[in-house]
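> what's the 3D shape of this:
(2 chains)
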Amino acid sequence: MAVLSNEIKLILATHLAFYRRHPWLMVLFFLGFSLGSALLTAISGLNQEANTRYQNSSALINNPVTHLIKPLTGKYYIDGQLWLTLRQHGFVNAQPVLRGRLKLNNGQIFAIQGVNTLLWLNKAQLKQSGENSGKAPYRFSLSTLLVDAQFKERLYTKNDNKAQFELKNGQQQPDISWMGEIGLWAITDIANADYLLDAKGKLSFIELSHATDKQLAKIEKLIVGQAQLIDAEQQEFDVLSKAFFFNLTALAMLGYIVAAFLSFNAIKLTLTARNKLLKQMQLLGCTKLSIQLSLAIELIIVSICTALLGTLGGYLIANGLVLDVNRTLVNLYQLDKSLIIKWQWSNVLLGFALNISALVVILLAQTKQVADKGKLMFYGLLASTLAGLIWLLNYATNEYQALLLCFTLLMLFILLVPKALLAVVSLPVRMTDPLKQWLHADTRFHLKDLHIAIIAILVALGSAIGMQIMVKSFSHTLNAHLEKQLSADIYLRSNTIDSNLRQALNNLPEVEKLSIYMESDGKVNHVPANLSSFGENSTHYQHISLTSGLPITADNFTNKGCLANEQSAIKFGYSLNDLAVFKQNSNTYSCRITGFYYDYGNPRMSLLTLEERQRTSKLNRDIFGYSIRLKNNTSVAKFSERLINEFNQDSTKILPNKRFKKMANDLFEDTFVVTKALNGFILAIALLSLCTSLLSLSVNQLKQLTILRNLGVTQQQLLTMKLLQTAGIVVFTAVFAVPLGFALGFALLKFVMPIAFGWTIHFSLDLTSLLLTCLTLVVVSIFCAYLPIRKLTNLEAKEL
Amino acid sequence: MIEVKDLCFSRTDGDNKQNILNRLDLSVPAAQHLALLGDSGSGKTTFLHILAGLLQADSGLVSVNNQDLSLHNENELTLYRRKIGLIFQHYQLLNCLTVKQNILFQHKLNFPKQTASEFEHLVNELGLENKLNVLPDQLSGGEQQRVGIARALLNKPQIIFADEPTGNLDRKRSHQVVKLLTELCSERKINLVMVTHSNQLTDYFDQVKVLRDGCFE
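Next up is the predicted model:
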């Protein structure tokens, strides 16, 4: 055993010496694995934060929050008296929280949160004594507002003057203190928050921890009719945001695949370069077992290091993306807490597990036994991929099967494109120029060495094109949808419906139609849902498009009829004439589904009914205001002025159609910011893969190029030829990546989108931007290839 | 001591079987030096590789220091190789290690807990004392071969197999290297088997054998 360990130590020392002599090789090797796991751990980090966002109370008690006492659906506050009642009944683990927004005179908004400062101070003192024992203590008074340092610039006007809070009842301005890692919600004492927000003793919610089933039952009795008790882990956000995180995880997996190809290259490169070294060690008496064991140890060490590096990278990426993710999650998926990305050791473990399995697969693929069965494996894989593809095209029903469909498409192209490229370069071409003859033969000869780079570029570009098609189609469909749905000329925001104003506006000769918008939140069969109405008859619903293509008529609302969004049918399994039971607190509203309508971007189930029915249903509801369609010859600006002057409406509440559409579009653009950023990372990894491949090629090509230089070929000629060769290969790969992108776009639009999000999108193509993407990749590839090729062709005369 | 009886070796390329070595017999007493001559393709390197445990014979007896190599499996052959000295035409130095690390490599494999007491004496004798911290590719061919010899000798082998160690050297340097190698082996009573093309180097050897088409002349 001692002999074996000594032998392994000696071999490992030799490997280390090898890496010291080839630091770039080590950097590429490490980078390949780190980048892949960085993408994956970044998304996993975001996901975990979203899942465990209640691990620490927002009221800053150390216990994890298990339940929340929230206002009844449709209400926004609970009476502070309820907290006192709970305490009187011995529930001391209940912490009140008050949330609200304050506006600054520079137009910025501050989200503030009032908590029990005694608990907060205790926690802060503890943290201080542990971490910052040398620093001065925080100064904190009841009027202090603690704000995350990242929001510092919000507090200043354009002229660098400190902005003031716009407080309705002349309250005193709060003292601002800056602190790190507070997040979206600025913290103050709950009494101060009540004073600033003029909340009059109301609370946003109460956090509970460590409540037994018996206690929960008692609490439910105490709060009945005033508030609702909700399990912290079963928030609407968890149900609604699943598809969003699924989308991100799928993208990260794609990134990992591309990065694994990069690593494959790096491993191939290190193994090729060390092939001689391994043989020499065997010649000198090192046993095969020791060499294999030392390789295994090396791989484990590499996996640990790259997992650590990857997690660090992932932590940085996640922190870079967290603001965009938060914005999307808050706006679209009802996230009630901002996510703060923390270092997670579980991600290091995930990265390690992924890296070690990828390394093992890659090493197994290099073994002679596998290489000998290459043909059999190729045809076996091709047949199973084709069979899988056909099956999934016909029977994919859940998001994982839809994703698998994308992977089978990728696999099909990965298997076929290198063969197709080889067939293209093997075509007999008659050439008389010896350099061209050499270039043609050399391309055929070295295509195998570039396989991995070709596949990495194919996967990255194909997925980028697929994603571009999906985003373009979504944006095109959304625009067309908004064009129709937001067809009114002016939107007048109001949280009440004034029947006099409504009547007066309706009677104006310029007004063609006046509708309202009213919405109730609730659940249908435990699925988050809303019930809305626009007016008293079907004429107010003409801006809605039914999936059947039919117009909306009075028949749609007869016999308790209502309309449901497309998601209800695709994602939640409802059919025409099904009875939908909408539940809000203890009230229910039932209706029969008579049609489905397009409703892009909405993750919930949505029902449309008539105004009168919603009004008489006892459901809590929010009123959003009026939508006004003007007659053709009426100016929107003039009518807006009339609303301000004649009807005393606040100008900030009047939104012309264009502004409203822009707001809706911006909201969805935000959703794709993260997608686009991840796609950029994947392309960057693919380009790095190209660089690695060219570097690994240089090991085999040096001799050939030296001979060419000996025969009188100039350095410039060599450089031009090799660059042309690379450009040619990338162009050919891009030609194959376009159909792959189309196929992926098709799969994303026809399978992933409907299954994961519940909406159908029509295929839309922007050829110009697609060609621009391909062209950019070719130019950047040549740029990336320049340095390794220059290094390769820069042969000095003495080396010849 | 080397004993070879009735040794046969063949290579198969598709359906063609080619006999490389035919019924060879050889005996080299302990501490003697043998030069193995022959044209290119005569089978001398193959024969040396069989003696060094890098290849296994089809049939016949190959006994080195009373060890029957035909009975050894791959692992035992590796351990056997560790105990002998090997010198190659292309030096086979580990390029990422320094000269010193290269010389000590096999010794450390064999004697992990022993210090190489002969190291200083040997590097001085071979004129490598000023080159210990450089990498092999910064050395001339002759110097690299001397590193190979130092590595083989430091391993305290009872036998050294050298495969055309002068193949890459000029005439003068070839004589220097072979003279040095045979002298060092004589001092240490080591068996030496050397494959060479050159008839002019045979004066340094006790026994000379010429291989032609897989048979001794």
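
> what's the neighbour count on the residue in the stretch 251-400 of chain A positioned nearest to chain B?
Residue nearest to chain B within the stretch 251-400 of chain A: residue A:285 (2.8 Å; C-beta to the nearest C-beta). Placement of C-beta: from N, CA and C, glycine included. A count of neighbours around residue A:285, defined by other C-beta atoms under 10 Å in any protein chain shown, yields 23.

> try residue A:616
Residue A:616 has 9 nearby residues by other C-beta under 10 Å.

> spit out the contact partners of it.
Applying C-beta atoms under 8 Å, 6 or more residues apart in numbering or on different chains, we find residue A:616 in contact with no residue.

> following the lowest-mean-pLDDT helix or strand in chain A in sequence, what is the next regular element?
Using mean pLDDT, DSSP states H and E, helix A:117-131 stands out as the lowest-scoring helix or strand of chain A, at a mean of 56. Tracing the chain C-terminally past helix A:117-131 and defining elements by DSSP states H and E, one meets strand A:144-148 next.

> what's that following strand packed up against?
Secondary-structure packing of strand A:144-148 (3 or more C-beta pairs under 8 Å, 6 or more residues apart in numbering or on different chains; DSSP states H and E): strand A:175-179, strand A:186-189, helix A:190-197.

> let's see that with 6 Å instead.
Here strand A:144-148 touches strand A:175-179, strand A:186-189, going by 3 or more C-beta pairs under 6 Å, 6 or more residues apart in numbering or on different chains; DSSP states H and E.

> residues contacting residue A:203?
Neighbouring residues of residue A:203 by C-beta atoms under 6 Å, 6 or more residues apart in numbering or on different chains: A:78, A:80, A:96, A:98.

> the second one contacts residue A:201, correct?
Yes - distance between residue A:80 and residue A:201: 3.9 Å, which falls inside the contact criterion (C-beta atoms under 6 Å).

> so these two - more neighbours on which side?
Neighbours were counted for residue A:80 and for residue A:201 using other C-beta under 10 Å; residue A:80 has more, 18 against 12.

> over in chain B, which residue gets nearest chain A? Let me know.
Of all residues in chain B, the one sitting closest to chain A is residue B:82 (2.8 Å; C-beta to the nearest C-beta).

> hang on, that residue in a strand?
No - under the criterion used here (DSSP: H, G, I helix; E, B strand; the rest coil), residue B:82 is helix, not part of a strand.

> contact partners for whichever residue of the stretch 101-250 of chain A sits closest to chain B?
Here the stretch 101-250 of chain A gets closest to chain B at one residue, residue A:249, 40.7 Å apart by C-beta to the nearest C-beta. Listed by C-beta under 6 Å, 6+ apart, the contact partners of residue A:249 are residue A:43.

> and it, what element?
helix A:242-283.

> and the pLDDT for residue B:211?
If you check residue B:211, the pLDDT there is 92.

> tell me the SS of it?
Secondary structure, three-state DSSP: residue B:211 is strand.

> and for the spatially closest residue to it that is not a sequence neighbour, the neighbour number?
Excluding its sequence neighbours, the residue lying closest to residue B:211 (C-beta to C-beta, 6 or more residues apart in numbering or on different chains) is residue B:38, at 3.7 Å. Neighbour count for residue B:38, taken as other C-beta under 10 Å: 21.

> pLDDT-wise, which helix or strand of chain B ranks last?
helix B:74-83 (a mean of 82).

> send the alpha carbons of that helix over as PDB?
Output of helix B:74-83 as PDB, limited to C-alpha atoms (Å, rounded to 0.1, in the frame of the first residue of the first chain):
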ATOM      1  CA  GLU B  74       1.300  -7.300 -17.400                       C
ATOM      2  CA  ASN B  75       1.600  -6.000 -13.900                       C
ATOM      3  CA  GLU B  76       4.500  -8.300 -13.000                       C
ATOM      4  CA  LEU B  77       6.300  -7.200 -16.200                       C
ATOM      5  CA  THR B  78       5.800  -3.600 -15.100                       C
ATOM      6  CA  LEU B  79       7.300  -4.400 -11.700                       C
ATOM      7  CA  TYR B  80      10.200  -6.300 -13.400                       C
ATOM      8  CA  ARG B  81      10.800  -3.200 -15.700                       C
ATOM      9  CA  ARG B  82      11.100  -1.100 -12.600                       C
ATOM     10  CA  LYS B  83      14.100  -3.100 -11.400                       C
END
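
> and residue A:492, backbone torsions?
When read as degrees, to the nearest 10, the backbone of residue A:492 gives phi -110, psi 110.

> so it makes contact with residue A:624?
No - with contact defined as C-beta under 6 Å, residue A:492 does not reach residue A:624; the gap is 9.8 Å.

> which of those two has more neighbours?
Per other C-beta under 10 Å, whichever of residue A:492 and residue A:624 has more neighbours is residue A:492, with 22 against 16.

> what about the more buried one, distance to residue A:653?
Between residue A:492 and residue A:653 the distance is 6 Å, computed by C-beta to C-beta, to the nearest Å.

> residue B:145 now?
Residue B:145 is 93 Å from residue A:653, by C-beta to C-beta.

> the more surrounded of those two?
The residue with more neighbours, out of residue B:145 and residue A:653, is residue B:145; 30 against 15, by other C-beta under 10 Å.

> tell me the SS of the closest residue to residue A:315 other than its chain neighbours?
In this structure, residue A:315 finds its nearest non-sequential neighbour in residue A:343, 5.9 Å apart by C-beta to C-beta, 6+ apart. Three-state assignment for residue A:343 (three-state DSSP): coil.

> count of residues packed around residue A:343?
When neighbours are defined as other C-beta under 10 Å, residue A:343 has 11 of them.

> do the same with residue A:714
Count around residue A:714 with other C-beta under 10 Å applied: 11.

> and it, how close does it get to residue A:146?
68 Å.

> what residues does chain B put near chain A?
B:75, B:78, B:81, B:82, B:92, B:94, B:96, B:97, B:106, B:108, B:109, B:112 (C-beta under 6 Å from any C-beta of the partner chain).

> out of the residues you listed, grab the one that's most surrounded.
The most neighbours of any of the residues of chain B next to chain A, using other C-beta under 10 Å, belong to residue B:106, which has 26 neighbours.

> host element of that one?
Assigned by DSSP H and E, residue B:106 falls within helix B:99-110.

> what of residue A:721?
For residue A:721, the host element (DSSP H and E) is helix A:715-747.

> would you map the helices across chain B?
Along chain B, the segments classed as helices by DSSP state H run B:44-51, B:74-83, B:99-110, B:119-125, B:141-154, B:171-187.

> lowest average pLDDT across those helices?
Minimum mean pLDDT among these: helix B:74-83, a mean of 82.

> got a list of contacts for the strand or helix carrying residue A:99?
Counting by DSSP H and E, the element that carries residue A:99 is strand A:94-103. Contact with strand A:94-103 is made by A:58-59, A:61, A:83, A:86, A:109-116, A:165-166, A:190, A:193, A:197, A:199, A:203-208, as judged by C-beta under 6 Å, 6+ apart.

> filter these down to the buried ones.
Burial by neighbour count, judged by 16 or more other C-beta atoms under 10 Å in any protein chain shown, picks out A:58-59, A:61, A:83, A:86, A:110, A:112-116, A:165, A:190, A:193, A:197, A:199, A:203-208 from the contacts of strand A:94-103.

> restricted to strands, list the residues you listed.
Applying DSSP state E to these, the entries found in strands are A:110, A:112, A:113, A:114, A:115, A:203, A:205, A:206, A:207, A:208.

> reformat these as TSV; add distance to residue A:639.
Shown next, in TSV, are these (distance: C-beta to C-beta, whole Å):
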residue	distance to residue A:639
A:110	34
A:112	37
A:113	41
A:114	42
A:115	46
A:203	42
A:205	41
A:206	46
A:207	48
A:208	51
